[in-house]
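**Student:** Would you be able to build a 3D model of this:
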Amino acid sequence: MWIMTFGGRTAVDRKRHWERVYTEKSAHETSWYQAVPTPSLQMIRHAADGATPSLIDVGGGASLLADVLLEQGFLDLTVLDISARALEQARLRLGPSADRIEWIEADVTEFVPGRSWEVWHDRAAFHFLIDPADRAR
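**Tutor:** Next comes the predicted model:
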C-alpha cells in the first residue's frame, strides 16, 4: 500500500482519526456541530446571488448543511469527507433524499475532481490541515 506522508502524518492516519471520531460520537456531539448552519448558508446565498449553483461541501461529513440546501432547492450537491462513517450518518439521516446528493469518500489532500462546481464550501475541514504541505495540496 502506498501511503502519502506529510510532516510525519499520513493520509491513512487522518482517515483512521476521523473514522474513530464518527464511530465514538454522533454528529451533534462534535464541537463543530450546528443545528442550523447559518453562517455557511449566508455565505452560500451571497455567493449564489439568488441562484442554486452546483456545490461541493468539503469535509461536510455528517453536517446538516446538505439537508438544508436540499430543502432550499439545490439540485447539484456533492459532499466530500474522509470518513465513511460520517457520510453514512448523513445518508441515514436523510433517508431517500440522500440519493439526490453525490457522496465522495476521500482525503481532500489527495482528491482529484472529475468535474467542477460553482461553489466550494468548507466550514470545518481545512483548518485541521496543520502541515503546510497538506494545505498546499
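**Student:** CA atoms for contacts and neighbours, from now on please.
**Tutor:** Fine.
**Student:** now this protein, which segments are flagged as low pLDDT?
**Tutor:** 1-12, 26-34, 124-137 (pLDDT under 70).
**Student:** Let me see the ranges of the helices in it.
**Tutor:** 11-24, 38-48, 65-71, 84-94, 132-136 (DSSP state H).
**Student:** what would the ones you listed look like in JSON lines with mean neighbour count and distance to Arg123?
**Tutor:** What follows is the helices of the chain, written out as JSON lines (neighbours: other Cα atoms under 10 Å; distance: least, Cα to Cα, whole Å):
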{"stretch": "helix 11-24", "mean neighbour count": "16", "distance to Arg123": "16"}
{"stretch": "helix 38-48", "mean neighbour count": "13", "distance to Arg123": "7"}
{"stretch": "helix 65-71", "mean neighbour count": "18", "distance to Arg123": "10"}
{"stretch": "helix 84-94", "mean neighbour count": "18", "distance to Arg123": "15"}
{"stretch": "helix 132-136", "mean neighbour count": "12", "distance to Arg123": "15"}
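**Student:** Distance to Arg115 for these - can I get that in TSV?
**Tutor:** Shown next, in TSV, are the helices of the chain (distance: least, Cα to Cα, whole Å):
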stretch	distance to Arg115
helix 11-24	23
helix 38-48	19
helix 65-71	19
helix 84-94	20
helix 132-136	20
